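Participant: Generate a structure from the sequence data that follows.
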Amino acid sequence: MSDIAQNIIDLRKEIPSAVKLVAVSKSKPASDILEAYDAGHRVFGENRVQEMISKYNSLPRDIEWHFIGHLQSNKVRSIVPFVSMIHSVDSYKLLKIIDQEAGKAGRVIDCLLQFYIAIEESKFGFSLKEAVEMLNSDDFSEHRNIRICGVMGMATFTDNSDQIRGEFRYLSECFKRLKAEFYSDDNSFKELSMGMSGDYRIAIEEGSTIVRIGSVIFGSRN
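Facilitator: Below you'll find the predicted structure:
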């Protein structure tokens, strides 16, 4: 058995069955993804559009592709025909474009609202105030080809576990606020995507339903 397959098996044993594991395959070759695939894994995450398209075209069609990186508006059309979920919807402008392109493709795209929870300036995302204003707007209610399924966030890259826990806890509070105020009767709004290789255990303790794990599965990036 390959190391990748064993890592997948070990993670499945550790992670609660209710938590979805997105294997982050960015920068890894298709052969590595196939090793995880052959171990029974089907959910993979990419952060670059061209790399995702290339892998989609060369790998089995039953793979569930999640886009997890910063998405440029002019790249939306390229992934809308096949992407399963976009985690990184960080602006209303982007959401509107996803809705437009999904409509042209005859699809409804599952989306997560990305929240800015870290202290790093390089991160993207909504504030809670911005998200509430958007969801309250008349314009938002007219969209038919997006499905808001929850929220996503990335904690600060730090060894301070208390800070990471606090940021995840805040994101969980944002999720609960939106659920109660806008999606109390919508079973689709259920996902709290937080936690990566270095902090997924804390994220799960704070209520994560989706973890995005790369190096623990595939080894460090090339």
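
Participant: nearest residue to Tyr170 other than its sequence neighbours?
Facilitator: Ile117 (5.7 Å; C-beta to C-beta, 6 or more residues apart in numbering). Just so you know, the C-beta spots here come from the backbone N, C-alpha and C atoms, and that holds for glycine as well.

Participant: Phi and psi next, for the one you found.
Facilitator: Per-residue torsions, Ile117: phi -120, psi -10 (degrees, to the nearest 10).

Participant: measure it to Val80 for me?
Facilitator: 27 Å (C-beta to C-beta, to the nearest Å).

Participant: cool, and Ile202?
Facilitator: In terms of C-beta to C-beta, Ile202 sits 33 Å off from Val80.

Participant: Need the pLDDT of Cys2.
Facilitator: Residue 2: Ser, not Cys. Predicted confidence (pLDDT) at Ser2: the value is 87.

Participant: again with Phe124
Facilitator: Reported pLDDT for Phe124: 85.

Participant: Neighbours of Thr111, how many?
Facilitator: Not Thr; residue 111 is Cys. Neighbour count of Cys111, defined by other C-beta atoms under 10 Å: 25.

Participant: for the longest helix along the chain, which positions count as buried?
Facilitator: If you go by DSSP state H, the chain has its longest helix at helix 161-182. Across helix 161-182, burial judged by 16 or more other C-beta atoms under 10 Å covers Ile164, Arg165, Glu167, Phe168, Tyr170, Leu171, Ser172, Cys174, Phe175, Leu178, Lys179, Phe182.

Participant: Quick check: the fifth one vs Ala180, distance?
Facilitator: Using C-beta to C-beta, we find Tyr170 at a distance of 16 Å from Ala180.

Participant: picking up where we left off before, mind giving me the packing neighbours of the longest helix of the chain?
Facilitator: Applying 3 or more C-beta pairs under 8 Å, 6 or more residues apart in numbering; DSSP states H and E, one finds that helix 161-182 makes contact with strand 109-115, helix 128-136, strand 146-153, strand 191-193, helix 200-205.

Participant: Quick check: which element contains the most centrally placed residue in the chain?
Facilitator: Among the residues of the chain, the one closest to the centroid is His87, at 3.3 Å (C-alpha atoms, centre = their mean). Using DSSP states H and E, His87 sits within strand 85-89.

Participant: Report the mean per-residue pLDDT for that strand.
Facilitator: 98.

Participant: so what strands line up beside it?
Facilitator: Here strand 85-89 has these sheet partners by DSSP bridges: strand 64-67 (parallel), strand 109-115 (parallel).

Participant: Just name the most buried of those strands.
Facilitator: Greatest average neighbour count among the strands paired with strand 85-89 goes to strand 109-115 (a mean of 25), per mean count of other C-beta atoms under 10 Å.

Participant: which other residues reach that strand?
Facilitator: With contacts defined as C-beta atoms under 8 Å, 6 or more residues apart in numbering, strand 109-115 is touched by 80, 83-90, 95, 98-99, 102, 124-128, 131, 145-153, 171, 174, 178, 188, 191, 193.
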